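> got a predicted structure plus its sequence, pasted below:
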Amino acid sequence: MTLLNIAVAGSTGRMGRTIMETIADAQDLRLSAALEQPDSPYLSQDAGGLTGTPCGVIINSDYASALTGSDVLIDFTRPAGTLTHLAVCRQSGIHMVIGTTGFSAEEKEIIHDAAKDIAIVFAPNMSVGVNILFRLLEVAAKALPAGYDVEIIEAHHRHKVDAPSGTALRMGEVIAQTQGKNLEKVAIYGREGHTGERAADTIGFSTIRGGDIVGDHTALFAGIGERLEITHKASSRKTFATGALHAARFLATKKSGLFDMQDVLGLR
Ligand SMILES: NC(=O)C1=CN([C@@H]2O[C@H](COP(=O)(O)OP(=O)(O)OC[C@H]3O[C@@H](n4cnc5c(N)ncnc54)[C@H](OP(=O)(O)O)[C@@H]3O)[C@@H](O)[C@H]2O)C=CC1
Ligand SMILES: O=C(O)C1=N[C@H](C(=O)O)C[C@H](O)C1
């Protein structure tokens with residue numbers, strides 16, 4: 001069997017470690033590189049040492065040379081890191097799975113442009129459940145009559161640095177798009193003080209941060225006399241890692257283009 005060579009950026013982070021563990025369990029995948037920042041205390045260590053099984057891949061910050069021999073780079077880092085890695089991958093013709101969240105509109109445009117040359121899966125949430133939830137939101141947003149207030153509530157661990165989560169923002173985009181609205185114009189990010197009554201047609205976001213919550217997302221459609229809540233709760237990062245590896249396999253069949261998990265999972 002020909003193995004697919006996977007490089008992992010942010011290899012010592014929460015997602016990086018989980019992805020490397022998941023690669024180690026896959027028969028068809030090989031960890032080809034483990035990347036970290038130049039000031040990382042983990043440089044030169046065996047990447048498998050982090051997960052208890054040394055594998056002979058040394059954690060490296062020389063992106064260009066480390067990526068030689070890789071088919072796909074999986075990147076769950078920060079926007080600045082992802083864009084640095086993207087430039088190297090575009091130059092070297094290496095496909096990318098991007099799970100990082102918190103990009104500005106301009107930064108997302110750079111990813112769109114790079115997809116002219118390489119194939120990219122870019123998705124704020126790689127779990128099967130959340131991607132089905134996106135479809136359920138389309139159904140609800142289309143079927144409910146006018147007058148249901150939309151609120152999106154998300155909860156994550158204390159270490160998360162961006163808010164609202166990328167998933168919550170995508171939920172807002174899906175609902176807004178389905179209802180013919182522009183999220184930028186209707187989003188309300190938090191409320192404080194004398195806010196006045198809720199404006200009709202807005203989409204509110206609420207963010208909770210605490211402890212080790214892996215990732216909870218709820219869309220609330222609140223009408224008069226009833227509420228519809230659609231919720232997803234992730235209980236393990238393995239669900240995201242498994243999705244990222246499916247995305248890498250999907251990219252192996254592509255030459256270029258921008259895809260998301262709806263494409264990977266055949267949900268479009
Ligand atoms: N799409 C999805 O399904 C999911 C997406 N995410 C997203 O993935 C990202 C990472 O999450 P998580 O693993 O929890 O975060 P962590 O903070 O645990 O890990 C981030 C990793 O990226 C490295 N890093 C940070 N900045 C840079 C940079 N400028 N260049 C290169 N590497 C960098 C960090 O190195 P160091 O520690 O040295 O700073 C660390 O290894 C977040 O944006 C999160 O929202 C998370 C889960 C699921
Ligand atoms: O930072 C996290 O942990 C997560 N981030 C993603 C997001 O911002 O949507 C996905 C997941 O909920 C975990």
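Sure, I can see it. Ligands and ions are numbered 1, 2, ... in the order given.

> write out the residues of the stretch 1-150 of the chain neighbouring ligand 2.
With Cβ under 6 Å from any ligand atom as the criterion, the stretch 1-150 of the chain meets ligand 2 at residues 101, 124-125. Backbone N, C-alpha and C define where each C-beta goes, glycine included.

> which of those tops the neighbour count?
N125 (27 neighbours; other Cβ atoms under 10 Å).

> so the residue lying closest to it once chain neighbours are set aside: helix, strand or coil?
Using Cβ to Cβ, 6 or more residues apart in numbering and skipping residues adjacent in sequence, the residue nearest N125 is T167, 4.2 Å away. Three-state assignment for T167 (DSSP: H, G, I helix; E, B strand; the rest coil): helix.

> and T167, how many neighbours?
T167 has 25 nearby residues by other Cβ under 10 Å.

> surely it is in contact with E154?
Yes: the pair T167 / E154 is scored as a contact, 6.9 Å apart, by Cβ atoms under 8 Å.

> mutual contacts of those two, please.
215, 217 (Cβ atoms under 8 Å, 6 or more residues apart in numbering).

> how about the contacts made by G129?
232, 234, 239.

> ok, now with 10 Å
217, 231-234, 239, 243 (Cβ atoms under 10 Å, 6 or more residues apart in numbering).

> just these: which are in helices?
Those of those mapping onto helices are 239, 243, per DSSP state H.

> can you redo the contacts of G129 as a markdown table with neighbour count and distance to E173?
Formatted as a markdown table, these follow (neighbours: other Cβ atoms under 10 Å; distance: Cβ to Cβ, whole Å):
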| residue | neighbour count | distance to E173 |
| --- | --- | --- |
| H217 | 24 | 13 |
| T231 | 12 | 18 |
| H232 | 23 | 16 |
| K233 | 12 | 21 |
| A234 | 19 | 20 |
| T239 | 20 | 22 |
| G243 | 25 | 19 |
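
> go through the contacts of G129 and name the one nearest ligand 1.
Closest to ligand 1 out of those is G243 (6.3 Å), distances taken as Cβ to the nearest ligand atom.

> my guess is that closest one meets I132, correct?
No: using Cβ atoms under 10 Å, G243 is not in contact with I132, being 11.9 Å away.

> what sits in contact with each of the two?
Counting by Cβ under 10 Å, 6+ apart, the residues touching both G243 and I132 are L265.

> give me the nearest residue to T242, chain neighbours excluded.
Distances taken as Cβ to Cβ, 6+ apart put T22 closest to T242, at 6.1 Å, once the chain neighbours are dropped.

> which residues touch the one you found?
6, 29, 51, 237-238, 240-245.

> gap between it and ligand 1?
Counting by Cβ to the nearest ligand atom, to the nearest Å, the gap from T22 to ligand 1 is 13 Å.
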